[in-house]
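Trainee: turn this into a structure:
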Amino acid sequence: MKVIVVGAGPSGLLLALILAKQGIDIEVVEKAVTLDKQPRATHYSAPAVYELVRAGVADEIYRGGYVPQGACWRKLDGTRLVGITATGVIPEDYPYKMVCYPLDKLCPLLLKHVLELPNVQVNWSHDVVKIGQDDTKAWVEVETPAGLRKLFADYVVGCDGARSNVRRGLFGEEFPGFTWDEQIVATNTYYDFDQFDWSDSNFIVHPEHYFMAARISPHRGKKALWRVTYGELAGLTREQLLARQPDKFRTFLPGHPEPDQYKIVNFGPYRIHQRCAERLRVGRILLAADAAHLCNPFGGLGLTGGIVDIGGLSDCLIGIHQGVASDSILDHYDRVRRDIYNNVVNPISSENFRRVLQDPEIALEKDEFFKICLKAEKDDEMSRNMQLSVKDMLQHDFTQYYDKKEAVDTTDSA
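Mentor: Okay, the predicted model is just below:
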């Protein structure tokens, strides 16, 4: 069996790696000339780590990243409202602890492993302009430096992000859902949050100056790199956003620093959305991760949800390849992953974002999630169950739909 994977981001490369390890021929096509280095998601919770374990890369990620010890919500002046801690709550031997490892490190790591496999071909500067299929095969037409090419496979999977050409080839500009009025700016910033005794992840609750500050390197003090993501006015240009940035940091960062007190090494504005394609399968063409659905980044469900898509789709395609599942299993993938987005990812991520926009002075009285967190701070078992429940909420066992039960174990070491 051969699969064309459109997109060399984290989801596309992970899908290529898992499938190729099971003997499936893979051709990756990517319109860019190299990997994307923009600041994006950084944290992988248990369901995503499970898939990184089965892909055989989790050990390297843990060695190069770090395990966050907690998160909290604060007022603009830094006053702590409530928090969640993993220290002393999550068992030391739990194999799927949350890990922080920025995408600009994950993608090169995945690409390295992909390129070590003889049944994978990665094509850069290959922009999909048309897709098609019949009863026996699917194909993509791609613009390349050498001209137009047409590539064939048994299946085509669109992992080509929010502006997916594969999704547009299936549904045009239709992408049900909405775009938030707010604009987000993500930065990677060297700044000493530790002098203020801040947690590894901090969500500042404020109607205007809401932001998130999360440690993304294992270092502490002045050497620590933090992801600082904050809200901005919609419609501003990159140049306008850059001009406003020093005053924004001076206003909301603890210590009210001047520009010579921190160093920004990456700056990326983007719009945020809550959208899901009407279908994730049309015949032999499939969608996964951001090409299939989008959510805002507050709470980390976007990247994790996309990676869990990849694990489920991998099991479906591996079952077909091994002859233990018919292609009707892909209808289960379509139905289940959309259901999980609509019933879990979309409502929870939307509430996560609205939570940081509320009035911090009445948040503890009005916010039901904060009330639960207050109880969990005094009950380790409740806190542990709350933190570990996300794995069952996002994952689904697609091997239960196999027609035969003698399928090869598709996990690496999970």
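Trainee: going forward, measure contacts between C-alpha atoms and count neighbours the same way
Mentor: Fine.
Trainee: quick check: longest helix in this structure by residues?
Mentor: As assigned by DSSP state H, the longest helix anywhere in the chain is helix 301-321.
Trainee: elements contacting that one?
Mentor: helix 10-21, helix 46-54, helix 329-340 (3 or more C-alpha pairs under 8 Å, 6 or more residues apart in numbering; DSSP states H and E).
Trainee: from these, which stretch is densest packed?
Mentor: helix 10-21 (a mean of 26; mean count of other C-alpha atoms under 10 Å).
Trainee: buried residues in stretch 269-283?
Mentor: Pro269, Ile272, His273, Gln274, Arg275, Cys276, Ala277, Arg279, Leu280, Arg281, Gly283 (16 or more other C-alpha atoms under 10 Å).
Trainee: a helix runs through Pro347, doesn't it?
Mentor: Yes - when classified by DSSP: H, G, I helix; E, B strand; the rest coil, Pro347 is found to be part of a helix.
Trainee: what about Gly64, neighbour count?
Mentor: Applying other C-alpha atoms under 10 Å, we find 15 residues neighbouring Gly64.
Trainee: for the residue nearest to it when sequence neighbours are not counted, give its distance to Leu286.
Mentor: In space, and not counting its chain neighbours, Gly64 is closest to Tyr101: 7.3 Å by C-alpha to C-alpha, 6 or more residues apart in numbering. Distance from Tyr101 to Leu286, counting by C-alpha to C-alpha, to the nearest Å: 28 Å.
Trainee: thinking again about what came up before, for the longest helix of the chain, list the C-alpha coordinates in PDB.
Mentor: Output of helix 301-321 as PDB, limited to C-alpha atoms (Å, rounded to 0.1, in the frame of the first residue of the first chain):
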ATOM      1  CA  LEU A 301      -5.800  20.900  22.800                       C
ATOM      2  CA  GLY A 302      -4.900  21.800  19.200                       C
ATOM      3  CA  LEU A 303      -1.600  20.000  18.800                       C
ATOM      4  CA  THR A 304      -2.500  17.200  21.100                       C
ATOM      5  CA  GLY A 305      -5.800  16.700  19.300                       C
ATOM      6  CA  GLY A 306      -4.100  16.600  16.000                       C
ATOM      7  CA  ILE A 307      -1.500  14.100  17.100                       C
ATOM      8  CA  VAL A 308      -4.300  11.800  18.400                       C
ATOM      9  CA  ASP A 309      -5.900  12.100  15.000                       C
ATOM     10  CA  ILE A 310      -2.700  10.700  13.600                       C
ATOM     11  CA  GLY A 311      -2.700   7.800  16.000                       C
ATOM     12  CA  GLY A 312      -6.300   6.800  15.100                       C
ATOM     13  CA  LEU A 313      -5.800   7.200  11.400                       C
ATOM     14  CA  SER A 314      -2.600   5.200  11.500                       C
ATOM     15  CA  ASP A 315      -4.400   2.300  13.100                       C
ATOM     16  CA  CYS A 316      -7.100   2.400  10.500                       C
ATOM     17  CA  LEU A 317      -4.600   2.500   7.500                       C
ATOM     18  CA  ILE A 318      -2.400  -0.100   9.100                       C
ATOM     19  CA  GLY A 319      -5.400  -2.400   9.500                       C
ATOM     20  CA  ILE A 320      -6.300  -2.000   5.800                       C
ATOM     21  CA  HIS A 321      -2.600  -2.600   4.900                       C
END
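Trainee: how about residues contacting it?
Mentor: Contact with helix 301-321 is made by 1, 10-11, 14-15, 18-19, 22, 24, 41, 44-45, 47-48, 51, 288-290, 294-296, 325-327, 329-330, 333, 337, 345, 349, 394-399, 402, 407, 410, as judged by C-alpha atoms under 8 Å, 6 or more residues apart in numbering.
Trainee: the residue nearest to Gly64: neighbour count?
Mentor: 22.
Trainee: can you verify my assumption that it contacts Gly65?
Mentor: Yes - contact criterion C-alpha atoms under 8 Å: Tyr101 and Gly65 qualify, at 4.9 Å.
Trainee: residues that sit against both of those two, list them.
Mentor: Here Tyr101 and Gly65 have Ile216, Ser217 as joint contacts, going by C-alpha under 8 Å, 6+ apart.
Trainee: report the angle between the longest helix of the chain and helix 329-340.
Mentor: Put simply, helix 301-321 runs at 160 degrees to helix 329-340, going by axes from the mean of the first three to the mean of the last three C-alpha atoms, to 10 degrees.
Trainee: which parts of helix 301-321 are buried?
Mentor: By neighbour count on 16+ other C-alpha under 10 Å, the buried set for helix 301-321 is 301-321.
Trainee: circling back to that earlier point, tabulate the helices and strands packed on helix 301-321 (CSV), appending mean pLDDT.
Mentor: Converted to CSV, the helices and strands packed on helix 301-321 look like this (pLDDT from 0 to 100):
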stretch, mean pLDDT
helix 10-21, 98
helix 46-54, 97
helix 329-340, 98
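Trainee: reformat these as CSV; add distance to Val265.
Mentor: Converted to CSV, these look like this (distance: least, C-alpha to C-alpha, whole Å):
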stretch, distance to Val265
helix 10-21, 21
helix 46-54, 27
helix 329-340, 35
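Trainee: residues in contact with Leu287?
Mentor: Val157, Gly158, Cys159, Val166, Arg167, Leu280, Arg281.
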